[in-house]
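> Pasting the sequence and the predicted coordinates here, then a few questions.
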Amino acid sequence: MDTRQKSEQPELFGAIIRELKAEEKQKKTAQEQKKSKKSDNCSQQPEPEKSTDDKSAQIQQGSETYAEKKEFSGIHTGAVSLYDATYTDCTFTGCSFDKTDLTNTTFTDCLFINCEFIMCKIDGTTIDSVQFKSCRLTGMNFTEASEYGFSPDFTDCLLDSCVFYDNTLSHDYFINTTLRNTDFTNCRLKNVDFSGSRFQSAAILGCNLEGSDFRSASGYSIDPSANKLKGALFSLPEAASFLKYIGVNVS
């Protein structure tokens, strides 16, 4: 082998080694890219949804919210919108609805315990067989609520500056409830139970009170000539308030 052949061999081997290194580098780069792509796909996967069996639910803002047989506790909605939501057979405990937009929201067979409602918007809201227990309702205009299935019941509640103008209530009840500055003008209140309730500057005018029970209620002022009282139940001494409307003074 001459000197020229000896000098060409190292160059040939060097070229082969460089080519092998280049191929190895390309494979390593491809593996790293594949690994990086896999990592990105994993990070983009959505978080698993929370189980619907969890009874401690959260109220969602927005439309088309549906909840059935859920328990809501300690929720404070503030001035948000729950527009067009539906709640069926749900229980709300210790919740606060402060100027909440409940427009077209549906509550059916729901129970509110120790909750607060302040000047909420209830245009077209369905309140069907709903119980309020130990709740405080301020500035609520029930005239705006849907007439369909309107059936609220109150026990140990405070209704302050609420309006029931021209509403229809039948076989509902206000038990041990304070009705302060509440307006019942032109209401149809047939067979409504007001047992133990306290009327404070409440307006009862032009109402049909047939069959309603006021026997253990107090503080009401009802003009017999301006309301229908057939079959309504009253007891003394509160019923003596009727006398002032017919010009009779009792001393």
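On my side now, so go ahead. These figures come from a predicted structure and were not determined experimentally.
> Around A226, how many other residues sit close by?
Neighbour count of A226, defined by other C-beta atoms under 10 Å: 11. Any C-beta I mention is one placed from the backbone N, CA and C, and that applies to glycine too.
> no, scratch that, I was asking about L209
Using other C-beta under 10 Å: L209 sits among 26 other residues.
> so what's L189 up against?
By C-beta atoms under 8 Å, 6 or more residues apart in numbering, L189 lies in contact with 169, 207-209, 212.
> residue ranges with poor pLDDT in the stretch 101-250 of the chain?
Along the stretch 101-250 of the chain, segments meeting pLDDT under 70 span 246-250.
> Could you pull out the strands in it for me?
Under the criterion DSSP state E, counting those that start in this stretch, the stretch 101-250 of the chain contains strands at 106-108, 111-113, 116-118, 126-128, 130-133, 136-138, 152-155, 158-160, 168-170, 174-175, 178-180, 188-190, 198-200.
> Between the ones you listed, which one is closest to A226.
Of all the strands of the stretch 101-250 of the chain, strand 188-190 sits nearest to A226, with 13.8 Å by C-beta to C-beta.
> Do I have it right that S129 meets F150?
No. Here S129 lies out of contact with F150, judged by C-beta atoms under 8 Å, at a distance of 9.9 Å.
> Give me the more crowded residue out of the two.
Between S129 and F150, F150 has the larger neighbour count (other C-beta under 10 Å), namely 20 against 16.
> Go ahead and confirm that one touches T168.
Yes. Assessed by C-beta under 8 Å, F150 is found in contact with T168 at 6.6 Å.
> Common neighbours of these two, please.
With C-beta under 8 Å, 6+ apart as the test, F150 and T168 reach no residue in common.
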